[in-house]
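Engineer: pasting the sequence and the predicted model now:
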Amino acid sequence: MPAPSPEKNKLGLWTSTSLVVGNMIGAGVFLMPAAMASFGSIGLLGWVFSAIGSYFLAKVFSNLSKLLPHATGGPYAYTRSGLGDFAGFLVAWGYYLAVSCANAAITISFVSALSTFFPVLASSAVTAIATGLCTIWLLTYINTRGVVTGGKVQLITTILKITPLVLVAIGGLFFIQVKNFTPFNGSGTSVYAALTATATMTMFAFIGIESATVPAGSVADPEKTIPRATLLGLLIATLVYVLSSFSVMGIIPAASLQRSVTPFADAAVVIYGSSARYWVSAGIAIAAFGSLNGWTLLQGQMPFAIANDKLFPAAFARQNKKGVPYVGILVSSVMVSLFMSMNYTKGLVEQFKFLLLLSLLSILIPYLLSAAAYLIIRVKQKQVNGLTGAVTLAILAFGYALWTIAGTGKEAVYYGFLLLMGGIPFYVWLAYKKNSEAE
């Protein structure tokens, strides 16, 4: 294994923060105001509720990164340290496959956003697939050039993607009409039911909060950088989400907002004129591109960590001259390419949607198990100071993660469980091989 990289070849505070923000803020958030319009302004409370729950998780990940500062793999490393090899393997297995499916969806969002400027992408499946493949493999190349190279791209795209959101959030404050915030609860159900529904929808915008913990071995001064980046990333994303949604809902009447397929673009037109529609569309494309870059960067780290523990094929532990675990990135990019192409193939669209549903639980399980492992790791390290606060935090984070999983629906839970169980035969074979080599 190559010697540890010098600090200049590692991710700093702002690149780590951009990894958190960039992975959380994807193209989907640009559609969120329209998706929640039917509920009324109670949707804003949904954002706040999700932010509070995500804070508990962010705090757990921050504290875990202090307890295990050099643990590459984030949720996998924490789960394995606290709950053992098998639980750690399930987290890594599910996470790796799930993010591959998610990256395919992000690629499709990117191509869709580009169709505003290049209409052929909406009418030609071949052109759309070719564009998607070029994007996937361009970012694959960038991220095999070194973690700092990928981090720089992430920082730039994160700044570019949040710019239109911030412009709408701030500029929209001068165009808000209070009447557009009524009714408060237009769902036709109780306040509790509406709040639960909106919080369930918005919670997906906070997936990726763990991003700074995954490449811990490539982060400078990780025991300080990762906690700061995680909490700072959450703060930035929350402010962008809440303020921009507030402005969009205040500018566009709920009845019109429900029918909008480009809510942020529609709001920007009111604020800045007709040309604003194009730079908001560009922002959506950049959001998808940046999110894809961030998740691609992480795709080599998880299998690298588990391969070093001999719970995954040894090939995934290989690094190139830049110190990048390239095998995991390459294998993932192949899967992303296949999954993305499925969406443009008639007859395979439903299978692609099934894969997304299958992967949903696998992204959320690491949060649940990391919260559970937090207390165990503290006890193992004999850290008894502040134990009451740690127990409270772990319970709140675990409860929120469990509630989040329940909110995904029974289909996601059922198929996600099948995906995780599908890794058991692979684990048994790897464990047997590991034990044979040890003897």
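Structural biologist: It's in.

Engineer: where does pLDDT dip in the stretch 1-150 of the chain?
Structural biologist: Where the stretch 1-150 of the chain drops to pLDDT under 70, the residues are 1-8.

Engineer: just the helices from the stretch 51-200 of the chain, written as ranges.
Structural biologist: For the stretch 51-200 of the chain, the helices defined by DSSP state H, counting those that start in this stretch occupy 75-83, 85-114, 120-123, 125-143, 147-171, 191-202.

Engineer: so which of those helices comes closest to Val336?
Structural biologist: helix 85-114 (4.5 Å; CB to CB). Just so you know, the C-beta spots here come from the backbone N, C-alpha and C atoms, and that holds for glycine as well.

Engineer: phi, psi of Leu31?
Structural biologist: phi -100, psi -10 (degrees, to the nearest 10).

Engineer: now tabulate the helices of the stretch 51-200 of the chain in JSON lines and tack on mean neighbour count.
Structural biologist: JSON lines is the format used below for the helices of the stretch 51-200 of the chain (neighbours: other CB atoms under 10 Å):
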{"stretch": "helix 75-83", "mean neighbour count": "26"}
{"stretch": "helix 85-114", "mean neighbour count": "24"}
{"stretch": "helix 120-123", "mean neighbour count": "14"}
{"stretch": "helix 125-143", "mean neighbour count": "18"}
{"stretch": "helix 147-171", "mean neighbour count": "21"}
{"stretch": "helix 191-202", "mean neighbour count": "19"}
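
Engineer: of these, which is nearest Gly22?
Structural biologist: Distance to Gly22, taken as CB to CB, is lowest for helix 147-171 among the helices of the stretch 51-200 of the chain, at 4.1 Å.

Engineer: that closest one packs against which elements?
Structural biologist: For helix 147-171, the elements it packs on are helix 13-24, helix 125-143, helix 222-251, helix 263-272, helix 276-299, judged by 3 or more CB pairs under 8 Å, 6 or more residues apart in numbering; DSSP states H and E.

Engineer: other SSEs contacting the lengthiest helix in the chain?
Structural biologist: In the chain, assigned by DSSP state H, the helix with the most residues is helix 349-380. Helix 349-380 makes packing contacts with helix 42-67, helix 75-83, helix 85-114, helix 326-343, helix 387-407, helix 410-422 when contacts are defined by 3+ CB pairs under 8 Å, 6+ apart.

Engineer: average pLDDT for the fourth one?
Structural biologist: Confidence over helix 326-343 (mean pLDDT, whole number) is 91.

Engineer: for it, which positions count as buried?
Structural biologist: By 16 or more other CB atoms under 10 Å, the buried positions in helix 326-343 come out as 326-329, 331-333, 335-337, 339-343.

Engineer: same deal with the first one?
Structural biologist: Of the residues in helix 42-67, those buried by neighbour count under the rule 16+ other CB under 10 Å are 42-51, 53-65, 67.

Engineer: nearest residue to the middle of the protein?
Structural biologist: What sits nearest the mean C-alpha location of the chain, by CA atoms, centre = their mean, is Gly208, with 2.9 Å.

Engineer: could you report the neighbour count for the residue nearest to that residue when sequence neighbours are not counted?
Structural biologist: The shortest distance from Gly208 to any non-neighbouring residue, by CB to CB, 6 or more residues apart in numbering, is to Asn23 (3.3 Å). Residue neighbour count, defined by other CB atoms under 10 Å, stands at 30 for Asn23.

Engineer: what about Asn23, distance to Gly73?
Structural biologist: Asn23 sits 16 Å away from Gly73, going by CB to CB, to the nearest Å.

Engineer: same question, Ala372
Structural biologist: Counting by CB to CB - Ala372 and Gly73 are separated by 17 Å.

Engineer: give me the more crowded residue out of those two.
Structural biologist: Taking other CB under 10 Å, Ala372 and Gly73 do not tie; Gly73 has more neighbours (29 against 19).
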